[in-house]
Every structure is written in structure tokens, then in C-alpha cells.
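J.: Structure, please.
(2 chains)
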Amino acid sequence: MTHDGSPTSTVAGAGLPALAARGVSRSFGPVQALSRVTTELRAGHVHAIVGENGAGKSTLTNILGGVLSPDSGRVEVDGESTSFASPAAALERGIAIVYQELSLVPDLSVVDNITLDVQPRRFGLIDRQAQRDWARQLLERVEAGSLPLERTVRELPVARQQLVEVAKVLAREPSIVIFDEPTATLPGDSADELLQLIRRLADDGMAVGYISHRLAEVHAIADEITVLRDGELVWTRRAKDVSTGEVVSAMVGREVDEAFPVRSATADPETMLEVTGVQLPGTEPEGISFTCHRGEILGVAGLVGSGRSRIARYLMGLEGHHGGRVLLDGRPYRPSGPRRAIRRGLMLVPEDRKGLGLILQLAIERNLTLPSLDRLSRLGVLDLGAERRLAEEAASSLQVVARDLSVPAATLSGGNQQKVVLGKWLAREPRLLILDEPLRGIDVNAKAEIHRILRELADGGLSILMISSELPEVLGLSDRVLVMRDGCIAATFDQPPFVADEIMAFAAMESTA
Amino acid sequence: MSATLMWDRTLATTRQAAAEGYLVWVLVAAVSIQAALGSEFFFTSRNLSNLAGQSVPLGLTAIGQTAMILVGGIDLSVGATARLTALLTAGLIDDEPSRVVPVLVLVLLVAALIGVVNATMIVWLRIHPLIATLISFTVLRGVALLYTTGPIGGIPAQASGLVYERLLGVPYPVWLLLLMLALAGVLLHRTRFGRNVYAAGGAPEVARRAGVNVEWVRFRMMVLCSVMAGLAGIVLAFRQGVGDPRMAEGLELTSIVTVIIGGVSIFGGRGKLLGVMGGVLLLGVIRNAMNLQGVAPLLQGVITGAIVVFAVALFTRREP
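T.: Numbering: from 1, shown residues only, chains lettered A, B, ... in the order given. The predicted structure follows:
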């Protein structure tokens, strides 16, 4: 078997692969997104495809799923060379993709979403009973048989939506399914459930492609691992033959230091933020009380729905509350909206980078200066020179990699977009910065870099409230850790080293039945 | 490279040029050449200044419509607003020179009031812009008919003569349009307000979290839209010399069309006035060429409509 000159050693497997890319290349304008990549998915196997942002994972997925056509090379189904005109044509051949951005219609019911593409009919009308039975059957396959069929998808938590999505894909009876970062938006326990489901699909004989950033997961479920870097295949190997460290260094092309940056200064004992007895609606009346010191990174851990994001929203004045008292920098502060918060130096890097952090179609420089316009103008007229300088400063201090600051923010990779969000707030000189999931969907290199930046900022006197569902991040970077559960503080840890098990114990106590 | 791929890429490049607001100028040039070949009268200074003058009401309205669409709205009432202000201008001045200035001030205030009502419905009562301005359109049309069903009032000759007088070879109304363009350009690209407009129109929630008073930004742009339509009405009245209830018909559609052809995103937050002015000229040149080549007036609407369908299909921004 030839590999079209690709520098690879493919894992030998029995029989023909269910789906294969052979020497596939694709460019977008001057950018070579994929060059001569060969990879094979086999029935009964989970094949993980990993790589940093921009490594070509999505391009490969899209070529396999018939969304894009390759410039050269070919796609084979059951050993037969094929070219798909469209995703529908790929589906005909039994290939389905579960995308990170769910393809569900939020205002349709669970049953209607699952059977959206293939509706059972009788006399030209939808056979409602058959539709329901079938949807129920599919949900049972994804172990979500108890989901209410008539509930609209919008009302379900993301983790449940993801299962509906999988059920919808199974309705097409595919023999090959590619999951594109399915766990990126899921909390740990839901992610585990999904992983088990994926493993089971493979064990039932399906060929599964699995794309992810989370290497621990990849090791847990994959049979083979393919690493892509800069559009090229690095290697494909059996999962049990490689260590996570090897995968990481293959992804980044060098050994990465996974250690977290060490704090150089001890935190100022001075209190920056003091929250006393604030009760979020629908939670226990004991309320939330905590303090954050100057120059400290205060980690906030907790499961999804524990109230960790609501704290951030509350402080910005985006969430209702009962009673309580907040002292910010020694003076009383009553949250009433982002404008007041910003004026007091309190800023939020939101969880949803694309929806709430950036204006994607706007130039990078416009995004960077948006919160600072009042400082860049006199009587409403902008000082264009100062505006440009501020944008350039912000971009260079965070090492944003962009062709030009005048291109839309949408053209940046995830890591760089996150740097722009961070940069736009740093340019406004915050005194207390709240980060909600600072590293969601960001690759290993960018992660380490942002960690270093955050530590430097804290050393420089900035107080940081870091909300994260990635426990290693909370453990490694925080000076102190708050654990939230059911809208209240379940525990506070004042001294490193923090122990993951202890934190999880407080986060998960009783509430997870 | 396959033929379909080449076609795809050509189309993508064309759309890009359309979105940037350049392509429309290429079309203006192309249509002008056709017009010049069809009639030797086209490239005379008399015809060109006539063409420019005719384009002023649409140009002014299009500036307003751009303001509206940039902040995620759309205004179906600009035509009715322009008509009512035109009728009021002619009817209240009624050939009396001393009333010109106070009436102009009053009429612009009326236009601003219409804008305040529209903006209140859209921004504070959260009625969809299409519905809100369709209501205004209907009400204003009714008010205009209550006011008069036939020609009304008059503009004194000294005043209406201004419409055809020139400074440096350019008619006064065209100067007015250029001045408004310059002001709008400064507002959009040189002020904090302008930056906030693009932010509020592009992603209101992001803008709000960055401290922008999104509602207030949108409100002011919507009032601006009606004031520009009012200005267009005044120019119409001065051009005609009398108030005519058929004036400004179809201005809502033509103004929206020019904005789209100009490459402005119908979803708000993106687009430049340069392209919009190209759209205004394009429609002006097409109409002028048809007049010169003796196309029957009733047929003109049909032809313009056909051209506009193609232009809009080509120019409508595809969202990423």
C-alpha cells in the first residue's frame, strides 16, 4: 500500500479501512491548510485526530465529510475512491459529522430535531407516533431515554443538547461518525458520559473519528492517534504505544514545559474585593461571601450550574441578586451594569468568546480599543493616532499573531482571539479582572502563554478572579481557590498545594445524585 | 482548476469587491459608458449636473437609511416622511419669502419628531423595525392625504431658483449632499460615537458589555435617518416649486436598495457611505439613460426593478 509520499507510518490494521484520506491537500488562498495527509478510519476503532488550532484538523474533517473538496489526493470509502459533491452525498455513503457548534434548531422539540432530516411519513403526512417511537429508540441508544421528547432544545442544558445531536446523527444510520471536539463545551462528568457513548458506538462496529484538544480524553478512548501540525501529518500511532507527553511534543513540535508559571511576589494583604452575603436568586439564603486580595489570582472551581459564572455576571451588574454588600477597592460598589463596573476598574472576559467577547466582523484594532474609546477622544472626537498606538501596544504586549490589525477578528485563530479579548480589557487598565473560562478551545502553546501573561499581570498588582472548569488550570495557577456549589461557596482553600480530589469532593458533594 | 472552481472564486472575489463598496463604482462607470454610447447628450455638463441634482433627494435619504441599517434597523417610512415634509414645506411657505427660514426649521423638527417616534417604537417598545416603520409609513401617508390630495402651496422663485444655481459649476443641492456626506463620514469614522455605531450594530451584546449605551446609540441614528428624509423632502419641494402628493414615491425601496448595493450589511454593523453613494449614482444614471433614450416612463419602473433584483442578489452580503 502506498502512501502518496506522506512521511508516515500507518498503523497496520486488518482489512480495508471504512474511510480513508490518501495524500489529501487543500489550500485556502495562500494558506496551505492541509498537505498530503493520509489517514484511515476503521470499523470498530476510535481514531483520534489531534493538533493545535490551525493544524488542519477541521479541514481534514470537512474533506472527509464532503463539506470541502481536496485540491489533490483522494477520499476512499471501503477502499473505493470517491468524491463527494456535498455533505448530503457523504451522508448517503454513511459518513456523518457531529460538529462542535450544534446543528440543532433551538426552538424545535427534541423529537422534531432528532427526526429533522428523515421524517417517517404516512400518506405524505408525518407519522407522529412512528416519529416519537423512533426518536425514543435513538435516545435510548445514547442513554438519554428519559429526555422529554416535547421539550424544546433551547430549554435543555448543553450536555443534553449534545446527546440529542448525537441521536440526530444516528437517525441517518451512519457507519462512520466523526466527532469534532464534542466535549469542548461540556463539564467534566457530562464529557465522561459522552466519551463512554462514543466508545460504545465503536465497540458496536462503527468507525469513529474523534477530534479533540483534551489529550486525557483522547488517551481514554482512542485506539489510534493521528497528530497533525501545520497541515502536515506528524504520525499515526497506536494510543497505547504513546504517552501524553509524546503527543504534546508532536503537536507543538518541541518539548513543552507543562509547569505553571511561579509567582514571584507574595500577594499584597490589601483587599481588592470584598463580597459579603450576596444571595443569587434561587439559591440558599446563606449567600456568598469572599475576598480577593490585590495582585492575587483567585481560582473559582465548581461544576456547571454551581453559580461560578453567575458570580461574574452579578459583579458586572448583569444578574439579579438579593441583599449583600460589595466593597471594591475599599469603597462600596453596587453592580448596575457593565458601564459602572468598567468605570470602577472591574472587567469581565466572558465565557463565550465569539458571542460576547469579540465583534468578529470588526477589525482587530477596533475590538482592542472599544472599551477605551472614552479615553481616546475629546468632546467625542477620536484621536486616531492614540487609538492606533493603543491597539498596537495591546496587540504587541500580548503577542497577537495577525497579518494586520485592520483585518476582521474572525480571521484569527482561537488562541489569538482570546488574546484580543484579554487585550481589549487590559488596554482599559482593569483593577480586578474576571476571567470566565479563559482557555476554552485554546491550544497547548497559547495556553501556556496566557498562563504566563496572567501570572505577570498578577505580579504587577492586578487582581484576577479566574473561573475555570479545567481543574489543572485552577490548581496550577491560583493563589487561593474558592469552590462553589449550588450558588454558594462550598469551601475556600487559602494555601497551595491544592489537591484535585479535595476540591472535587466539595464541588460535587450531594448535589450530584 | 476546474471551471466551476474558477467560477466560484470569481464570484467570491466579486462579492468581496461588492462588500467593500468598490464594485458598484465599476457598474456606475459601465452604465455611464453605455449611456454615453446611446446618447451624445449624456456627457454634457448640463445633463450631468441635472443628473446629480436629481440624485440629491435619494442621496440624502440613503445617508439616513445607511445610519438606520448600520444599527440593525430598517426604515420603510422615509418616503412618507420625505413626502410629508415636502408638502408641509410648500404648503406652509405658500410663496411667502419671509416664511422660508422658519418653515424649514419647523419642518426639520417635524422630521426629527417622526424619528423620535420610530426610534421609541423600535428601541424602547422593541417593535420590529419593519413593523414599526410600516406603521409610521401608513400613518404618515394618511396624514399627508388629510393635509392635501392635490398640488399645494408654492416656493418663492428666489428660493426655488437656488436649486439650479451653481457654485464652482456644481448645483447648490449637490453641495448640500456633499456637505452631509462629509459630516456623516466624520461622524462615522472620526468620532467615538461612530465607533460605537459599528459596535452596537455588529454585536449589541458585546458592545453593551464594553460599556456602550447601545439603546441610546441606536436611538440617535434612527432620529438621524428621519431628519435626512426630511431634508430630502425639502429639496424635493424646492425642485418642484410646489407641494405634490405624488412626490417621493418609492423612496423607501430605492434608498434600501442603494444601501445594499453599496455593500452595507443588512444585518448591521458593516458598510461604508462611499459604496452607498455609488448605489445612488447607479440608479440615477440608469434613470437618466432611460430618459435620454426615450424609454416610456411606465416601462422604466419595470426595467429598474429587473436591474435591481440582479444587483441586490449579487450585492447582498453573505454572512460568514
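
J.: pLDDT weak spots in chain B?
T.: B:1-5, B:15, B:19, B:316-320 (pLDDT under 70).

J.: near chain A, which residues of it show up?
T.: B:190-196, B:198-199, B:202-203, B:205-213, B:265, B:269-270, B:320 (C-beta under 8 Å from any C-beta of the partner chain). For every residue, glycine as well, the C-beta is placed using N, CA and C.

J.: residues in contact with the nearest residue to A:S72 once chain neighbours are set aside?
T.: Distance criterion C-beta to C-beta, 6 or more residues apart in numbering or on different chains; nearest residue to A:S72, sequence neighbours excluded, is A:S25 at 4.8 Å. Each residue near A:S25 by C-beta atoms under 8 Å, 6 or more residues apart in numbering or on different chains is listed here: A:32, A:34-37, A:70-73.

J.: sorry, back to before: any of the residues of chain B next to chain A buried? List them.
T.: If you count burial by 16 or more other C-beta atoms under 10 Å in any protein chain shown, the buried members of these come out as B:190-196, B:198-199, B:202-203, B:206-212, B:265, B:269-270.

J.: So which of these sit within helices?
T.: Judged by DSSP state H, the subset of these located in helices is B:190, B:192-196, B:198-199, B:202, B:206-209.

J.: Quickly name whichever of these is closest to A:R331.
T.: B:R209 (22.7 Å; C-beta to C-beta).

J.: Spatially nearest residue to the closest one (excluding sequence neighbours)?
T.: Spatial nearest neighbour of B:R209, excluding adjacent residues (C-beta to C-beta, 6+ apart): A:P338 at 4.8 Å.

J.: Repeat that for A:I442.
T.: A:I442's closest residue in space is A:G415 (C-beta to C-beta, 6+ apart), at 4.6 Å.

J.: didn't that neighbour look like it was pressed against A:A448?
T.: No - between A:G415 and A:A448 there is no contact under C-beta atoms under 8 Å: 10.4 Å.

J.: the more surrounded of the two?
T.: A:G415 (23 against 19; other C-beta atoms under 10 Å in any protein chain shown).

J.: Check which helix or strand that one maps to.
T.: Using DSSP states H and E, A:G415 maps to helix A:414-426.

J.: elements contacting that helix?
T.: strand A:346-349, helix A:364-369, helix A:384-397, helix A:444-459 (3 or more C-beta pairs under 8 Å, 6 or more residues apart in numbering or on different chains; DSSP states H and E).

J.: what are the phi and psi angles of A:R36?
T.: Dihedral pair for A:R36: phi 40, psi 60, per degrees, to the nearest 10.

J.: Equivalent analysis for the one 5 residues further on, please.
T.: Dihedral angles phi and psi of A:L41 (degrees, to the nearest 10) take the values phi -110, psi 130.

J.: now the helices for chain B?
T.: Under DSSP H, chain B gives helices at B:3-20, B:23-38, B:45-70, B:78-93, B:100-119, B:129-147, B:157-161, B:172-190, B:192-202, B:204-209, B:214-240, B:251-261, B:273-292, B:297-315.

J.: so can I have CSV of those showing distance to A:R294?
T.: Formatted as CSV, the helices of chain B follow (distance: least, C-beta to C-beta, whole Å):
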stretch, distance to A:R294
helix B:3-20, 47
helix B:23-38, 55
helix B:45-70, 42
helix B:78-93, 55
helix B:100-119, 44
helix B:129-147, 47
helix B:157-161, 68
helix B:172-190, 38
helix B:192-202, 31
helix B:204-209, 24
helix B:214-240, 33
helix B:251-261, 51
helix B:273-292, 47
helix B:297-315, 54
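
J.: tally of neighbours for B:N47?
T.: 16.

J.: Distance of it relative to B:A289?
T.: 10 Å (C-beta to C-beta, to the nearest Å).

J.: what do you get for A:V24?
T.: Distance, A:V24 to B:A289, using C-beta to C-beta: 51 Å.

J.: for B:N50, same thing?
T.: 13 Å.

J.: Between these two, which is the more surrounded one?
T.: Neighbours were counted for B:N50 and for B:A289 using other C-beta under 10 Å; B:A289 has more, 20 against 16.

J.: What is the burial count for the residue lying closest to that one once chain neighbours are set aside?
T.: Excluding the flanking residues, the one nearest B:A289 by C-beta to C-beta, 6+ apart is B:A35, at 3.6 Å. A count of neighbours around B:A35, defined by other C-beta under 10 Å, yields 22.
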